[in-house]
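1. Curious how this folds, go ahead:
(chains A and B)
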Amino acid sequence: MSPLSLLPSLPPRVTADGACLDAFQRELDYIFRTLRRLGTSASEVEDLAQELFLVLRRSWSQYDPGRPLRPYLFGIAFRIASVHRRKHGREVAFEMVEVIDSGTGPDDALQTKQARALLLAALEQIPLLRRAVLVMHDLDDVPVGDVASALGIPRFTVYSRLRKARRELHTAVRRLTKAEI
Amino acid sequence: MGTRSPLPPDVNALLDLERVIPPLPAAQRARAMARAQASLATPVATTTVPPGAAQRTRWPAMAAAAALVLSVAVAAAAYGIHARRASKPATRPAAPAPVNQVVPKAPAAPPPAVENLLPAPVPAVGSPTLSPAEAASAELRLLRLARVAVARGDFADALPPIAEHTRRFRYGRLAEEREALRVKALAGLGRTEEARRAAAAFQARFPRSVLLPAVGQMPASRP
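-> Here you go, the predicted model:
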C-alpha cells in the first residue's frame, strides 16, 4: 500500500530555529537513546530531551555545521544527565535487571531486547564520567580526539577512563549474567 | 574499532547490538516534536552555553536555572498567545476555513458513543471556573483518549474526544496536536476528502509545524 498523500508539497525550513528543529528531529532517536544510556529512566527521558532541545537552541549559533552533530549533542546530553543525577540522586532500579533468566527464548526480537536491557543495566554500574567516554567511543564510534573536545577533557584522560570503564563493563556484565555463565 | 580488543567477544557482541539505535515509537516522537515546536514560541535567551571545557564547572547550575526559566516562560507565553487568539480571532487575516468544521457533519459513519469515557463536561472556553492548570490537564486527558484510539487503529473512537477538545479548547495549547490527530483519524477511516481538507487547513494554520510531514503523508487507510 502506498502512503496517502494529503498535501501537495512541503516548504523547506530555512531559519536558525528551523534548522535547529530539523536537527533535533533528525537525531531524535539518537538523543533519546543517549539519554537512556546515560542513566535517564524511561519516564524522565522525554523531559530531559526537551531540556536538551532548549540548550541546543540557545547554543545553536555556536555549533559548527562542518563538525559532526552527534558528539555535540552528546556533550549536551551528558551535562543534562549529570545535573539531573546530582539533583535527584542515583536511580536505584533499572527496569529489567534479571534479564537473562529466560536463556532459551526462541524469539530474536525478545533476545535483542533483553540484551539491550542487560547492556543498559551494566552501563548503569559504571560511574557517569567513565560511562560517557565508553558510550561515545565504543558505541558511537567517536574518535578519541573528538571525545576529548566534546567532554572538555584531555586525550590522556579519555584513554584512561576508557580502559577503566571497559573493565567495569566487563565486570558488570559478568555479575548480571553470572547465573547463566 | 581496533581499540575494542580488550573486551571479551560476548561483551563486544552486546556493544555491537546496542550500537544500532532503536527507533522511537511514533507517538513518543510526535509528542517530543510538538513540545519542541511549542517552545519555539519563546524568544531565545541571550546567554549561550557552549559545551566547552572552560565552562565545565559552572555549566550545570546555569543550565538548570536557564532551563527552568525557559520552561516557565514557554508555558506562560503559550497561554498568553492562546488567550489573545481566543479573544480576537477575527484579526487573523484571510483565515482558512476552521478545521473543526470538517468533522462533525459526517452522517455516513457516526462514531460509537464513547461519552462515558470522556472527562465530565465542563463549561466552554473562558469559563472562570477552569484554572490554567486544570485546563491543561483537561486538554491532555482528552487528547490522550484520541491519541490512544488512533494508535490502536480505532479511528472512529478518536473523533468524539477530538470534537470535545475543539468545543472546549478551540485555541487550546494542544490545538496543533488535535488537528494532526484529526487528519490521522479521518485518513484512517478512509474519509480521504475530509482528511485532505483537514490537512490543508492544518498546513494553513500551522505552516511551520513539525507534524506537517506526517500530516501530509498518511499511511494508506485500511479497506
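2. Which strands and helices lie in contact with the helix or strand harbouring A:Lys87?
-> Assessed by DSSP states H and E, A:Lys87 sits inside helix A:69-88. Other elements packing on helix A:69-88 under the criterion 3 or more C-beta pairs under 8 Å, 6 or more residues apart in numbering or on different chains; DSSP states H and E are helix A:28-37, helix A:45-58, helix A:128-134, helix A:144-151, helix B:59-87. Every residue, glycine included, has its C-beta placed from N, CA and C.
3. and with 10 Å instead?
-> helix A:16-26, helix A:28-37, helix A:45-58, helix A:128-134, helix A:144-151, helix B:59-87 (3 or more C-beta pairs under 10 Å, 6 or more residues apart in numbering or on different chains; DSSP states H and E).
4. helices or strands up against the next helix or strand after that helix?
-> Going down the chain from helix A:69-88, the next helix or strand is helix A:108-123, by DSSP H and E. Contact analysis of helix A:108-123 by 3+ C-beta pairs under 10 Å, 6+ apart lists helix A:28-37, helix A:128-134, helix A:155-177, helix B:9-19 as its packing neighbours.
5. With just CA atoms, put the shortest one into PDB.
-> If I follow you right, that is helix A:128-134. Backbone C-alpha positions of helix A:128-134 (Å, rounded to 0.1, in the frame of the first residue of the first chain) are rendered in PDB as follows:
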ATOM      1  CA  LEU A 128      28.900   8.500  34.700                       C
ATOM      2  CA  LEU A 129      32.200  10.200  33.900                       C
ATOM      3  CA  ARG A 130      33.700   7.000  32.600                       C
ATOM      4  CA  ARG A 131      30.500   5.700  31.100                       C
ATOM      5  CA  ALA A 132      30.200   8.800  28.900                       C
ATOM      6  CA  VAL A 133      33.600   8.100  27.400                       C
ATOM      7  CA  LEU A 134      32.800   4.400  26.800                       C
END
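6. touching chain B at all, it?
-> Yes: counting by C-beta under 10 Å from any C-beta of the partner chain, chain B is contacted by helix A:128-134 at A:Leu134.
7. sorry, back to before: closest to B:Tyr171 out of the helices and strands packed on helix A:108-123?
-> Closest approach to B:Tyr171 among these is made by helix A:28-37 (27.5 Å; C-beta to C-beta).
8. which residues sit in contact with B:Ala187?
-> Residues in contact with B:Ala187, defined by C-beta atoms under 10 Å, 6 or more residues apart in numbering or on different chains, are A:3-4, A:6, B:150, B:155, B:194-196, B:198-199, B:215, B:217-221.
9. elements contacting the lowest-mean-pLDDT helix or strand in chain A?
-> Sorting the helices and strands of chain A by mean pLDDT, DSSP states H and E puts strand A:4-5 at the bottom, at a mean of 82. Packing partners of strand A:4-5 (3+ C-beta pairs under 10 Å, 6+ apart): helix B:192-205, strand B:217-218.
10. Mind doing that once more with 8 Å?
-> Short answer (3+ C-beta pairs under 8 Å, 6+ apart): strand A:4-5 packs on strand B:217-218.
11. Now do the strand it packs on: which elements does it pack against?
-> Judged by 3+ C-beta pairs under 8 Å, 6+ apart, strand B:217-218 is in contact with strand A:4-5, helix B:175-188.
12. hey, least reliable of these by pLDDT?
-> For the helices and strands packed on strand B:217-218, mean pLDDT drops lowest on strand A:4-5, to a mean of 82.
13. Give me the pLDDT value at A:Val133.
-> On pLDDT, A:Val133 comes in at 96.
14. hang on, it packs against A:Phe156?
-> No: with contact defined as C-beta atoms under 8 Å, A:Val133 does not count as touching A:Phe156 (11.9 Å).
15. Between these two, point out the one with more neighbours.
-> Between A:Val133 and A:Phe156, counting by other C-beta atoms under 10 Å in any protein chain shown, A:Val133 is the more crowded of the two (29 against 10).
16. Give me the spatial nearest neighbour of that one, chain neighbours excluded.
-> A:Arg161 (4.3 Å; C-beta to C-beta, 6 or more residues apart in numbering or on different chains).
17. tell me, how many neighbours does that neighbour end up with?
-> Quick note: A:Arg161 (other C-beta under 10 Å) scores 22 neighbours.
18. just so I know, which of the helices and strands packed on helix A:108-123 lies nearest A:Phe78?
-> Nearest to A:Phe78 among the helices and strands packed on helix A:108-123 is helix A:128-134 (4.9 Å), distances taken as C-beta to C-beta.
19. mean pLDDT lowest for which of the helices and strands packed on helix A:108-123?
-> Among these, helix B:9-19 carries the lowest mean pLDDT, at a mean of 91.
20. touching chain A at all, the following helix or strand past that helix?
-> Using DSSP H and E, the helix or strand that follows helix B:9-19 towards the C-terminus is helix B:26-39. Yes: judged by C-beta under 8 Å from any C-beta of the partner chain, helix B:26-39 comes into contact with chain A through B:28-29, B:31-33, B:35-37, B:39.
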